[in-house]
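Enquirer: only geometry, no sequence info:
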């Protein structure tokens, strides 16, 4: 069965370190997204991609970067982790063609920055 | 810019009661899409329903029903005869049509409503 996976599921890091969160989907979807979930804020869009070599900034992109070298993967990098980036991160994917297409979410990565 | 408001932060009811979760949205687009997701205590996000802006027909799926009213910019979700397994955080989300190339600009989520069903 097709799926979307995230790794690691839990990560503790220190302020200033570079951290990369992996997202891999086997749906063969062109659209991929990263969100962060914080209490009192719901989920907010960080970055998204329409396909290979395409990346776009979302609402809360400062301090994050993504790259898309193939269809299956969209890694999220925190260049210099800050305590404000402690959050639960969700990756999602959807078929191209319409914003009406359902987004399938990964299980999430809980990141703690000390 | 689009916005989704879920004014109810937390709702607590006794099992078998009916409960309605409110969702109000703002958008300048005439074409947009609305979604509801459920997040149970295990943390995953479960898709429940989607609706496009041209389809105001209400939807019923078992104990779940959705009322979409463009006149009030609302897309409310009702659970009839609630059960303990319905306890979760529920998110309403909005997506605008995106660029003509067929991409999707991502979802704008409300802050969620934490629904507690007491036995």
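Expert: Okay, I see it. This structure is a prediction, so every number in the text was calculated from the model and none was measured. Numbers count the residues shown, from 1 in each chain, chains lettered A, B, ... in the order given.
Enquirer: alpha carbons only for contacts and neighbour counts from here, please
Expert: Noted.
Enquirer: Tell me which strands the strand or helix carrying residue B:48 pairs with, and in which orientation.
Expert: Using DSSP states H and E, residue B:48 sits within strand B:46-52. Taking DSSP bridges as the criterion, strand B:46-52 sits next to strand B:32-39 (antiparallel) in its sheet.
Enquirer: what ranges do the strands span in chain B?
Expert: Here chain B has its strands, by DSSP state E, at B:3-5, B:10-14, B:19-21, B:24-26, B:32-39, B:46-52, B:59-61, B:64-69, B:74-79, B:88-96, B:108-109, B:113-118.
Enquirer: Over to chain A?
Expert: With DSSP E as the criterion, chain A has strands spanning A:4-7, A:10-13, A:19-25, A:31-38, A:42-49, A:56-57, A:64-66, A:76-78, A:87-94, A:104-105, A:109-113.
Enquirer: Put together a markdown table for these, with distance to residue B:39 on each row.
Expert: A markdown table is the format used below for those (distance: least, CA to CA, whole Å):
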| stretch | distance to residue B:39 |
| --- | --- |
| strand A:4-7 | 17 |
| strand A:10-13 | 18 |
| strand A:19-25 | 19 |
| strand A:31-38 | 11 |
| strand A:42-49 | 11 |
| strand A:56-57 | 25 |
| strand A:64-66 | 25 |
| strand A:76-78 | 22 |
| strand A:87-94 | 12 |
| strand A:104-105 | 11 |
| strand A:109-113 | 15 |
